[in-house]
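In: Have a look; sequence and predicted model below, questions after that.
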Amino acid sequence: MSKRAVTAGVVLAFVMPAAIVIAAEGAVGEWEFKSQVPAMTSAATMKINKNAEGKYEGMWSAQWGVSALSDITFENGKLKFVQTSSFGGQEMKTTYAGTIEGGKITGKGQGQWGDFTFEGMLQGEAKSSADAIAGEWQMNVTMPAREFVEKLIITKNAEGTLAGEWKAQRVENTLSDIKFEGGKLTFTRTSKFGDREFTLTFEGTVEGDNIKGVFKSERGEREANATRVTADKAEEGKKAVEGKKAEPNTPAPEKKNPW
């Protein structure tokens, strides 16, 4: 086998890619990608799934054969992994690091034959970032001496952009500038409490069904973490409420402005 042929095979092995499937599954799915080598174009397929322990596993399939992937990580919209090929009894490792966004991955790789760039697409219908973040989230905001449990609802409008609603007792809220890019969720929350109005900005990292982030305002920062409200969790909450004994109605204590 000529050195040029081996080089083409290695390059093919690395033009992999990935795109965003669903936030809950991260990089899980089947990816189709192509690599442009001098005088030729190569194609390959990569499959990533999660095992029973919640760890990523992957297989690489190309013209030169099938191999397992190792050291797969997916954090903050960034996918990294190692692809190992064997040519003539010689083992060669190629590392990949790419950013997943809207059904597409772009990034850089490094192997025995040097550095390279790659891109690829998720096979089938990929969900957009808007689809990935849309839904109902239970948001826990940590304050001094107590924690507030409130509700964040994110929807996608006809134009594909994001809209949101924040539900909290005794406080009127409006969300704006909602963005979800590279695994990061940001938005501005304007709250009215009586005749007072105050503005907070939120920035959080989305990992599956969880968001970890902070609210920032002139008064400082407040930790705010969220969990996606799935059908199963909603049913569990309903049963928990139904299981409680009825209590006499009593006036709710006056709440102070949490901010």
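Out: The structure has been received and is ready for your questions. Numbers count the residues shown, from 1 in each chain.
In: Can you name the residues bridging to residue 164?
Out: residue 154 (DSSP bridges).
In: Tell me the confidence at it?
Out: At residue 164, the model reports a pLDDT of 92.
In: List the contacts of it.
Out: Contact partners of residue 164, counting by Cβ atoms under 8 Å, 6 or more residues apart in numbering, are 152, 153, 154, 155, 175, 178, 187. For glycine as for every other residue, the C-beta is placed from the backbone atoms N, C-alpha and C.
In: repeat for residue 51
Out: residue 57.
In: still on that earlier bit, quick one: the contacts of residue 164 as CSV, columns for neighbour count, distance to residue 100 and pLDDT too.
Out: What follows is those, written out as CSV (neighbours: other Cβ atoms under 10 Å; distance: Cβ to Cβ, whole Å; pLDDT from 0 to 100):
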residue, neighbour count, distance to residue 100, pLDDT
152, 25, 23, 94
153, 15, 25, 94
154, 19, 19, 93
155, 15, 22, 91
175, 18, 25, 94
178, 19, 20, 93
187, 20, 21, 95
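In: hmm, which two among these are most spread apart?
Out: Spatially, the most separated pair among the contacts of residue 164 is 155 and 187, at 12.7 Å (Cβ to Cβ).
In: Roughly how far does residue 116 sit from residue 107?
Out: Distance, residue 116 to residue 107, using Cβ to Cβ, to the nearest Å: 10 Å.
In: Residue 90 now?
Out: Taken as Cβ to Cβ, the span from residue 90 to residue 107 is 25 Å.
In: go on, residue 151?
Out: In terms of Cβ to Cβ, residue 151 sits 36 Å off from residue 107.
In: Between those two, which has more neighbouring residues?
Out: Neighbour count, other Cβ atoms under 10 Å: between residue 151 and residue 107, residue 107 has more, with 21 against 14.
In: now the more buried one, what's its secondary structure?
Out: strand (DSSP: H, G, I helix; E, B strand; the rest coil).
In: heads up, I number from 10, so please use that
Out: New numbering, starting at 10: the last item is residue 116.
In: and the residue lying closest to it once chain neighbours are set aside, what are its bridge partners?
Out: Nearest non-adjacent residue to residue 116, counting by Cβ to Cβ, 6 or more residues apart in numbering: residue 107, 2.6 Å away. Applying DSSP bridges to residue 107 gives these bridge partners: residue 88, residue 116.
In: I'd guessed residue 107 sits against residue 87; true?
Out: Yes: Residue 107 lies in contact with residue 87 (Cβ atoms under 8 Å); the separation is 7.3 Å.
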